[in-house]
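Chemist: Predicted model, plus sequence, below.
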Amino acid sequence: MQTEQQPKIATLVFLQTVSAAVTQLKQKLQQDYERVYPGLGEIIHIVIDEEEAKAWELSLFPHLFLPDLVEAHVAKLGLEPAATKQDEVQVPDRFLGKSSYQPAFAYVDC
């Protein structure tokens, strides 16, 4: 039996989960940008916070927009975007359009 509380609880859990994902992403972005620009930690922190607010205004999935918003803001400051570990992920050959298809032959005895 469903109660009125279940949708509210599900919404609360969803928002807590997204909020935790955003917090982790902010920490990752801060680390990545501080690695590239070690003396700009406070500015990077401000940029990330400003762009997080914009990301929440855009969507209930702000973690999907935050990296691009931060990158655009950093570009406005005349800085290069930081490479993230996600940029360094190796893509398996099967996703690069290289065909690994080899036809199978069957011998039929008539």
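Modeler: Thanks, I have it.
Chemist: quick one, helices of the protein?
Modeler: With helices called from DSSP state H, the chain shows them at 5-36, 41-58, 66-76.
Chemist: Just say which of these is most tucked in.
Modeler: Ranked by mean neighbour count under mean count of other C-beta atoms under 10 Å, the helices of the chain are led by helix 66-76, which reaches a mean of 17. (Each C-beta comes from the backbone N, C-alpha and C, glycine too.)
Chemist: and it, what does it pack onto?
Modeler: Contacts defined by 3 or more C-beta pairs under 8 Å, 6 or more residues apart in numbering; DSSP states H and E place helix 66-76 against helix 5-36, helix 41-58.
Chemist: at 6 Å what do you get?
Modeler: In terms of contacts (3 or more C-beta pairs under 6 Å, 6 or more residues apart in numbering; DSSP states H and E), helix 66-76 is packed against helix 41-58.
Chemist: what about the chain, any weak spots by pLDDT?
Modeler: 1-3, 84-110 (pLDDT under 70).
Chemist: hmm, try it at 90
Modeler: Residue ranges of the chain with pLDDT under 90: 1-12, 79-110.
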